[in-house]
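In: Quick check, what structure comes out for this input:
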Amino acid sequence: MTTETDREARVASPDTPPPGRGTSRRRRRRWLVVVVVAGAALGTGGWYVLRGSDGSDSTSASSGLPSATATVTRQELRETQQVDGTLGYGTAYQLVSAQKGMVTWLPAEGATVSRGKPLYQIDNTPVPLLYGSLPLYRTLQDGVDDGADVKELEQNLAALGYGGYTVDEHFSADTADAVKQWQSDNGRPDTGVVEVGDAVALPATVRISDQKAQIGDSVAPGKPLFAYTSTTRTITVPLDVADQQLAKVGEKVTVELPDGTDTAGTISSVGTVAQAAPSSSSGTSGATSSDATITVTVTLDRPSSAGTLDQAPVGVNFVSAQRKNVLTVPIAALLALAGGGYGVQVVDGEATRIVAVKTGLFGDTRVEVSGGGLTVGMKVGVPKS
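Out: Purely as a prediction, here's the structure:
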């Protein structure tokens, strides 16, 4: 005769995706919910869960206590959905030469270049970095028409410590004097004239990601020199369009690093243009709308937590659901009742009883429960860790 304790424990598979969900880019949070029949969980004393005539669960006393207990708590519970992302420095851009000549110096890959420092050298003449959004598209000198590019140059000179002029859109004789001093300090002829290609304007400090040219190469305007990125460590996530409700700018996420540790992050941008997934090698002609993704960017709250990792695969846990002020127990406390559903073993001193519960949201290692007269502070049985 098969007894209750002889029945196999049923274990929820952690690898089964939710109905109707693909698994190409997302990884659901792995819930390992061990649900066992009551007798097998509670030892030789045994619990026998009976179904009453009215459909309610009743329990008999047990002579044994669980190997360990946990406390019923009231708290906020969050369920997360994990999506694959890439940890790096964001989008890489290509820097091209604006001059003709020979490359005599380039920064090393991984180096950072800030305002006033040389980005490269052509014919042994340094080309410094200036901060700004407007490129140097014309010759700037005393008498040139007023313009935003003049103001951008003067702002940079002022930030580098050169003064004696008014920062505005007018290139004056005083501006020319400041330019001469700047040129002399950088080993350039002190002409007071800034030619196209004498400097490069970029929004901020850059990180060199990939050299495209070598020292000794002859270059012409438009020739790639190197690729660069920002210096901010970011995570890029191709999020399925169907899941875009998960991502909102400013919301917190948890990032699982390659070594298995977690670190906090914040959603800094959410793309608005969907991109189709690349065609598969099996010959599929194109991607369906369900394959489209939007790009979500996440910044780390503590960039140092990622060490020196670059282009590393990570998992980003987005909050998919949350409940506030709910009763929770450890997931491992759930027991499968003989008549269906779940229960927990309530421990009260030397006495124990099985209480049927209704489960709600699963989050991290705990689950929302209700019913059975559960209150905060009660002890429930769990497997010994």
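In: Count residues in the vicinity of Y137, would you?
Out: For Y137, the tally of surrounding residues (other Cβ atoms under 10 Å) stands at 11. Placement of C-beta: from N, CA and C, glycine included.
In: Same question for the one 10 residues further on.
Out: The burial metric for G147, expressed as a neighbour count using other Cβ under 10 Å, is 16.
In: now swap in E256 and tell me
Out: 17.
In: I figured it hits G265, correct?
Out: No. E256 lies out of contact with G265 (Cβ atoms under 8 Å); the separation is 10.5 Å.
In: Report the set of residues contacting both of these two.
Out: Taking Cβ atoms under 8 Å, 6 or more residues apart in numbering as the criterion, E256 and G265 both touch V316.
In: Now do the strands for the stretch 51-200 of the chain: every range, in order, please.
Out: 57-58, 68-71, 73-88, 93-96, 101-105, 112-113, 118-122, 125-131, 200-202 (DSSP state E, counting those that start in this stretch).
In: Redo the ones you listed as JSON lines? Include mean pLDDT.
Out: Formatted as JSON lines, the strands of the stretch 51-200 of the chain follow (pLDDT from 0 to 100):
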{"stretch": "strand 57-58", "mean pLDDT": "41"}
{"stretch": "strand 68-71", "mean pLDDT": "94"}
{"stretch": "strand 73-88", "mean pLDDT": "91"}
{"stretch": "strand 93-96", "mean pLDDT": "96"}
{"stretch": "strand 101-105", "mean pLDDT": "97"}
{"stretch": "strand 112-113", "mean pLDDT": "97"}
{"stretch": "strand 118-122", "mean pLDDT": "96"}
{"stretch": "strand 125-131", "mean pLDDT": "97"}
{"stretch": "strand 200-202", "mean pLDDT": "97"}
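In: Quick one: closest of those strands to D190.
Out: Closest of the strands of the stretch 51-200 of the chain to D190 is strand 125-131, at 12.8 Å (criterion: Cβ to Cβ).
In: Return the list of strands paired to that closest one, each annotated with direction.
Out: Sheet pairing of strand 125-131 (DSSP bridges) gives strand 118-122 (antiparallel), strand 200-202 (parallel).
In: Now the very next helix or strand once past the shortest one: average pLDDT?
Out: Downstream of strand 200-202, the first helix or strand assigned by DSSP states H and E is strand 206-211. For strand 206-211, the mean per-residue pLDDT is 95.
In: And stretch 235-247, by the same measure?
Out: Rounded mean pLDDT across stretch 235-247 is 91.
In: Can you point out the buried residues in it?
Out: Buried positions in stretch 235-247, judged by neighbour count with 16 or more other Cβ atoms under 10 Å: 235-240, 242-244, 246-247.
In: which pair in those residues spans the largest distance?
Out: I235 and A242 (20.3 Å).
In: these two touch, right, L335 and G341?
Out: No. Here L335 does not reach G341: they are 9.8 Å apart, not a contact under Cβ under 8 Å.
In: Those two: which has the busier surroundings?
Out: When L335 is set against G341 and neighbours are counted by other Cβ under 10 Å, the residue ahead is L335, at 29 against 16.
In: quick check, nearest of the buried residues of stretch 235-247 to V298?
Out: Closest to V298, out of all of the buried residues of stretch 235-247 and judged by Cβ to Cβ, is I235, at 4.1 Å.
In: Look up the closest residue to the closest one, ignoring the ones flanking it.
Out: Computed as Cβ to Cβ, 6 or more residues apart in numbering, the closest residue to I235 that is not its neighbour in sequence is V298, at 4.1 Å.
In: next one: T73
Out: T328 (5.3 Å).
In: Check the gap between the nearest residue to P258 once chain neighbours are set aside and Q155 for me.
Out: Nearest non-adjacent residue to P258, counting by Cβ to Cβ, 6+ apart: A312, 5.4 Å away. In this view, A312 and Q155 are 37 Å apart by Cβ to Cβ, to the nearest Å.
In: what's the answer for A276, then?
Out: 42 Å.
In: Of those two, which one has the most company?
Out: Remark: of A276 and Q155, Q155 carries more neighbours, 15 against 12, as counted by other Cβ under 10 Å.
In: Quick one: residues contacting that one.
Out: 131-132, 167.
In: Which one (most neighbours) among those?
Out: Neighbour-wise, these (other Cβ under 10 Å) top out at G132, 21 neighbours.
In: pretty sure it is in contact with E154, am I right?
Out: No. Contact criterion Cβ under 8 Å: G132 and E154 do not qualify, at 10.8 Å.
In: is it true that Y93 touches L225?
Out: No. Y93 lies out of contact with L225 (Cβ under 8 Å); the separation is 11.6 Å.
In: where exactly do the strands run in the stretch 201-350 of the chain?
Out: Counting by DSSP E, counting those that start in this stretch, the strands of the stretch 201-350 of the chain are 206-211, 218-219, 224-229, 234-240, 252-256, 262-270, 293-300, 312-330, 335-336, 342-348.
In: With distance to G64 added, can I get those in a markdown table?
Out: Formatted as a markdown table, the strands of the stretch 201-350 of the chain follow (distance: least, Cβ to Cβ, whole Å):
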| stretch | distance to G64 |
| --- | --- |
| strand 206-211 | 62 |
| strand 218-219 | 81 |
| strand 224-229 | 61 |
| strand 234-240 | 48 |
| strand 252-256 | 38 |
| strand 262-270 | 37 |
| strand 293-300 | 48 |
| strand 312-330 | 20 |
| strand 335-336 | 14 |
| strand 342-348 | 10 |
